[in-house]
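[1] Here is a sequence together with a model predicted from it:
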Amino acid sequence: LAKTTQPISMDSYEGQEVNITCSHNNIATNDYITWYQQFPSQGPRFIIQGYKTKVTNEVASLFIPADRKSSTLSLPRVSLSDTAVYYCLVGPWGGYNKLIFGAGTRLAVHP
Amino acid sequence: DVKVTQSSRYLVKRTGEKVFLECVQDMDHENMFWYRQDPGLGLRLIYFSYDVKMKEKGDIPEGYSVSREKKERFSLILESASTNQTSMYLCASSPVPGQGTRAEAFFGQGTRLTVV
């Protein structure tokens, strides 16, 4: 399984755009990239998933360069409620995916 | 809505007790997972099951076992509870991705286990 590296923590202010980058240098051809969000005392929840280029949904955008060795989660105009831990996961498309979480990035949004 | 239900929200057990944590999902997912989460350490995978009666060790299986006799139920067993197993335990399930189905994991509300 490809190992991922993310910043341990980030700080931002309300209304700003936040970009969290994840490094996954040994990503395999059949791996896809998924981001989860976790609030205190809750289980993680899915945010966005992609394989290459750009994916956008109502919550976030995911940018994946051509070499796929990194990915960037972009949160537009964050609010206080976006304060959470964000996890980047890389794993194969298919049934056998162990879903290995790293330590994640702790995002703190300030007023 | 997909639901993953863990049998207890809070549990207090004594050292040496055999502890069962139960998890049930209602979406016919093939994959189920048990994690523990400790401050500053993120989620660590204990065991993974990709089918009934099939299991794989995760990163920290020592001191734990699992059982999956039915597709919807995945049990985590602490054979002899110890104080270093005090933690938040999270169960999750996910489908095999396919046409129109993304590989998204759904988590239960967690069980905070204290071993005294």
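    That came through, no problem. Numbers count the residues shown, from 1 in each chain, chains lettered A, B, ... in the order given.
[2] list the contacts for residue A:61?
    A:48, A:54-55, A:73-74, A:76 (Cβ atoms under 8 Å, 6 or more residues apart in numbering or on different chains). Every C-beta, even on glycine, is put in place using the N, C-alpha and C of the backbone.
[3] Between those residues, identify the one with the most neighbours.
    For the contacts of residue A:61, neighbours were counted by other Cβ atoms under 10 Å in any protein chain shown; the highest total belongs to residue A:73, with 25 neighbours.
[4] Give me the spatial nearest neighbour of residue A:85, chain neighbours excluded.
    Nearest residue to residue A:85 in three dimensions, chain neighbours excluded: residue A:104, at 4.2 Å (Cβ to Cβ, 6 or more residues apart in numbering or on different chains).
[5] follow-up on the earlier one: just the ones in helices from the contacts of residue A:61, please.
    The members of the contacts of residue A:61 all map outside helices under DSSP state H.
[6] As TSV, these with distance to chain B and pLDDT would be great.
    Putting the contacts of residue A:61 into TSV (distance: Cβ to the nearest Cβ, whole Å; pLDDT from 0 to 100) gives the following:
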residue	distance to chain B	pLDDT
A:48	10	95
A:54	16	95
A:55	11	94
A:73	16	98
A:74	19	98
A:76	22	94
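[7] Relative to residue A:22, which of the residues you listed is nearest.
    residue A:73 (7.4 Å; Cβ to Cβ).
[8] The residue nearest to residue A:85 - how many residues pack around it?
    26.
[9] cool, residue A:44 as well?
    27.
[10] got the contact list for the closest residue to chain B within chain A?
    Closest to chain B within chain A is residue A:43: 2.6 Å, counting by Cβ to the nearest Cβ. Neighbouring residues of residue A:43 by Cβ under 8 Å, 6+ apart: B:4, B:90, B:92, B:107-110.
[11] for residue A:107, same thing?
    Taking Cβ under 8 Å, 6+ apart as the test, what residue A:107 contacts is A:9-12, A:18, A:20, A:75, A:78, A:82-86.
[12] residues contacting the residue nearest the centre of chain B?
    For chain B, the residue nearest the mean C-alpha position is residue B:34 (2.5 Å; Cα atoms, centre = their mean). Residue B:34 makes contact with B:21, B:23, B:45-48, B:58, B:64, B:66, B:74, B:76, B:89-91, according to Cβ under 8 Å, 6+ apart.
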